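Chemist: Need the 3D shape of this:
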Amino acid sequence: MSERPMYRIDHIPATGSYATIVVAEDSDAKLVALKVLRADLVGNPDHIDRIYDEAVMLAQLRHPNILRVDEVLHVSGRPIIVMEWVRGVSLDRVLRGAEDPVPVREAVEIARQTALALAAAYDALGADGHPMRIVHRDVKPSNILLSVDGQVKLADFGVAKGEFTGRQSDSLYLVHGSLSFTAPERLEGAPDVPAVDVYALGLSLFELATGRQMILSRQKDRHDATLAESLKRLCPEITGDVGDRIRDIVGRMCAHTPDERPSPAQAAKELGEWLESSGGAAHLDSWAWEEVAPLLKAAMVPPTEHPHYSDVSFLQDITLQQVTQEAQRTELRTTEELNQWLMAKTRQDKWWGQIAEIIQATRKRDDWSIQPFLGILKSANRPWWNPWATPAPAPAVAASLELLRHRPEPVVRKMASRLTGHPSTAVQGAARRVVVRADREGA
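Modeler: Numbering: from 1, shown residues only. Below you'll find the model as predicted:
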């Protein structure tokens, strides 16, 4: 008798630039959300690192306003994040489906709960007991979920920056996220701090309450003038001191200078105080039931009719035995077996196409030999004294660097530093990532 598959796909609510979200029924008949890396990105180590970083981060966060992650699976070289399913939709879907913007008090309550999530993520303690200092870097309505009963969940930490044990991605200072929600200082290369999330949240609150995006100039004078003009359109029906105060809060959240913005915790406090003094309560639960429930029902088309179904249909063939075997395969290898496996891989034609699988097999171990890959780096360029030598293919050099990035020892950093001037841009980029990781870890 064949083993029962772990999942049955229920529907596919969202697709993104690097992953697809699938709602599936697990073997206990419970609905869960699965975040699945796109098949065409399976060979990209950076995307695999990023999805694992997201899983590691969220698995250590437990907050009612942050989407919960339960585990990460690895099937045939493909990472899958298993998350809680929120019976709701993203706020950009709400804005597209509703005739009117979100009522201002409900919009403020959504922003308040999101600010609490941002504060919790930045201050949360990691497995090593130190604050993880997580900055989301992509706050916008499409990354905030609202359930039919009014629960607010901040989702998609795929481009977040954090300081935590087990981090793989080196994209510490790259500009990520959506340009229209990006704080001005991020485009100038300033380090990412909570102020960038507060800025994006202020823009999101404005869009929820008005139905329009607030487009601000990156130049301070024009930025401030455009902001002042835009704030006039924020809840003009609320006059007097109450209206002035909410416009002041949003204005400071969207200030051009980071130091002028409130912290996430302060923003949550001010938004909560405004709700208490505004003369009316936010009825997010009843409003969400009226607006979200119909959208959720409309989104549940048969999964086979979704254009990305073929990319995720393999989920319905996964068995517990298969997942268990793949999870144990690396741990069961002795050091000698692992090194033999690595040597066999590098002897295969165009082995670098399997670099994601190799990284996965070695990512949690430091007992494998780096020598074969150092040898590839040594032969990256033709030596001046031997014009007949054949240099290693650029893809092999880049793949070796991506692997050695997880073992940034002094000799690795030294060789990577020399390769930052390699003719191949792929090798240059991989070499720079090794140097960044080595410098960060003090190698």
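
Chemist: What are the boundaries of the helices in the stretch 151-300 of the chain?
Modeler: 194-210, 220-231, 240-253, 264-277, 284-299 (DSSP state H, counting those that start in this stretch).

Chemist: which of those helices is buried the deepest?
Modeler: helix 194-210 (a mean of 26; mean count of other CB atoms under 10 Å). Where C-beta positions appear, they are placed from N, C-alpha and C, glycine not excepted.

Chemist: What helices and strands are in contact with that helix?
Modeler: Helices and strands touching helix 194-210, by 3 or more CB pairs under 8 Å, 6 or more residues apart in numbering; DSSP states H and E, are helix 91-97, helix 104-123, helix 240-253, helix 264-277.

Chemist: Show me what counts as buried in the longest one.
Modeler: If I follow you right, that is helix 104-123. 104-122 (16 or more other CB atoms under 10 Å).

Chemist: do the same with the first one
Modeler: By neighbour count, and taking 16+ other CB under 10 Å as the criterion, the buried residues in helix 91-97 are Leu91, Asp92, Arg93, Val94, Leu95.

Chemist: now the strands: where do they sit in the protein?
Modeler: For the chain, the strands defined by DSSP state E cover 8-15, 19-25, 31-37, 69-75, 78-84, 88-90, 144-147, 152-154.

Chemist: For the residue nearest to Glu291 when sequence neighbours are not counted, grab the count of nearby residues.
Modeler: Distances taken as CB to CB, 6 or more residues apart in numbering place Ala98 nearest to Glu291, at 5.6 Å, with adjacent residues excluded. Ala98: 15 surrounding residues under other CB atoms under 10 Å.

Chemist: Next: Asp367.
Modeler: For Asp367, using other CB under 10 Å, the count is 11.

Chemist: could the strands of the chain go into TSV alongside mean neighbour count?
Modeler: What follows is the strands of the chain, written out as TSV (neighbours: other CB atoms under 10 Å):
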stretch	mean neighbour count
strand 8-15	19
strand 19-25	22
strand 31-37	22
strand 69-75	17
strand 78-84	21
strand 88-90	24
strand 144-147	24
strand 152-154	24
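
Chemist: any idea of the pLDDT on Ala124?
Modeler: Looking at Ala124, its pLDDT is 89.

Chemist: surely it meets Leu58?
Modeler: No - here Ala124 does not reach Leu58: they are 10.3 Å apart, not a contact under CB atoms under 8 Å.

Chemist: the more surrounded of these two?
Modeler: The neighbour comparison of Ala124 against Leu58 (other CB under 10 Å) goes to Leu58, with 26 against 19.

Chemist: For this protein, which residues score under the pLDDT cut-off?
Modeler: Residue ranges of the chain with pLDDT under 70: 1-3, 43, 45, 76-77, 127-128, 164-177, 321-333, 364, 383-389, 443.
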